[in-house]
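Undergrad: Using only what follows, build the 3D model:
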Amino acid sequence: MTNNIQKFIRSTTGTFWLQVFGVVLLIGGGIWFVKWLNDANSISVNVDRRIDITPQQIQSIQNIGQWEFLAINDEELVDTVQHRFLADKELVRIYYGTLRLGVDLHKAKPKWLRIENDSVVVATLPNIELLDRNFIDEARSQSFFESGNWSPEDRERLYNVAYKKMLKRCLTKENIATAESNAREQIEKMLRAMGYKNVRIEFEKETNSKKKD
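TA: As a prediction, this is how the structure comes out:
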């Protein structure tokens, strides 16, 4: 009887371990199958980090038109003397003016605002220029000294002398460079506020090179 019990135990133990082994294989196979199924049906999500400038954004910026980056206040004392047989006559006038330097975005060339390397916003601006040619404030300008009678033509000549002096004094390379620096700073700040982190500001130099030629 003891032998029969031992045989039963051995046979039962063997069956038990076979069952355990089968369950382990079944679980392992199930895990592998589920993993394979997930890999086969996985969804990959790619984030497009490319930035773009829309035509509406370009147009809204271009609609700004004339953008002032430097204003220079100036005053010029100009005089003229006419010698006469009986008595000389003299006219001395003070002229006040404000020269405004900036860019006219209506003169920007096509693709002046564009994307390079999917990450850099490049703005190629028109050259800095005098935005208003009528910069002398005639309402403030006044005669400092006046003797004799002067015709409108005489006063016009004096006005033109003051005009040229203001241009020479204010429209300098240093002031143009300052206006360019202000333009880069302000336009870069605007584009960054719109969400564009990498910004490069350039200026057209073709006109200047043509003048030198």
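
Undergrad: For Q186, which residues are in contact?
TA: Residues near Q186 by CB atoms under 8 Å, 6 or more residues apart in numbering: W67, F69. C-betas here are computed from N, CA, C, even on glycine.

Undergrad: looking at this, it is in a helix?
TA: Yes: checked against DSSP: H, G, I helix; E, B strand; the rest coil, Q186 lies within a helix.

Undergrad: any idea of the pLDDT on it?
TA: Q186 is assigned 93 on the pLDDT scale.

Undergrad: And for L86?
TA: As predicted, L86 sits at a pLDDT of 70.

Undergrad: repeat for the one 3 residues further on
TA: For K89, the pLDDT comes out at 80.

Undergrad: Check whether it really touches D79, as I assumed.
TA: No: here K89 lies out of contact with D79, judged by CB atoms under 8 Å, at a distance of 11.4 Å.

Undergrad: Neighbour count for those two, which is higher?
TA: For K89 versus D79, neighbours defined as other CB atoms under 10 Å are more numerous around K89 (16 against 12).

Undergrad: Run through the residues that contact the more buried one.
TA: V81, Q82, S147, G148, N149, W150.

Undergrad: could you redo the last one with a cut-off of 10 Å?
TA: K89 is in contact with T80, V81, Q82, H83, E146, S147, G148, N149, W150, D154, counting by CB atoms under 10 Å, 6 or more residues apart in numbering.

Undergrad: shaky segments in this structure?
TA: Residue ranges of the chain with pLDDT under 70: 1-52, 84-85, 87, 118, 148, 206-213.

Undergrad: any idea where the strands of the chain begin and end?
TA: 66-82, 89-104, 113-116, 120-125, 129-130, 136-146, 198-203 (DSSP state E).

Undergrad: In JSON lines, list these along with distance to E185.
TA: Below are those laid out as JSON lines (distance: least, CB to CB, whole Å):
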{"stretch": "strand 66-82", "distance to E185": "9"}
{"stretch": "strand 89-104", "distance to E185": "13"}
{"stretch": "strand 113-116", "distance to E185": "17"}
{"stretch": "strand 120-125", "distance to E185": "13"}
{"stretch": "strand 129-130", "distance to E185": "19"}
{"stretch": "strand 136-146", "distance to E185": "28"}
{"stretch": "strand 198-203", "distance to E185": "9"}
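
Undergrad: Out of these, the one nearest K165 is which?
TA: Smallest distance to K165 across the strands of the chain (CB to CB): 4.8 Å, for strand 66-82.

Undergrad: right, and L101 touches I72 too?
TA: Yes: between L101 and I72 there is a contact at 7.3 Å, judged by CB atoms under 10 Å.

Undergrad: Pull up the overlap in contacts between the two.
TA: Residues touching both L101 and I72 by CB under 10 Å, 6+ apart: C170, L171, N175, T178, A179.

Undergrad: Please identify which of the residues you listed is nearest to E68.
TA: Distance ranking of the shared contacts of L101 and I72 against E68, using CB to CB, places A179 first at 8.6 Å.

Undergrad: follow-up on the earlier one: out of L101 and I72, which sits in the more crowded spot?
TA: A count of neighbours by other CB under 10 Å puts L101 above the other of L101 and I72, at 22 against 18.

Undergrad: Kind regards, and thank you for your time.
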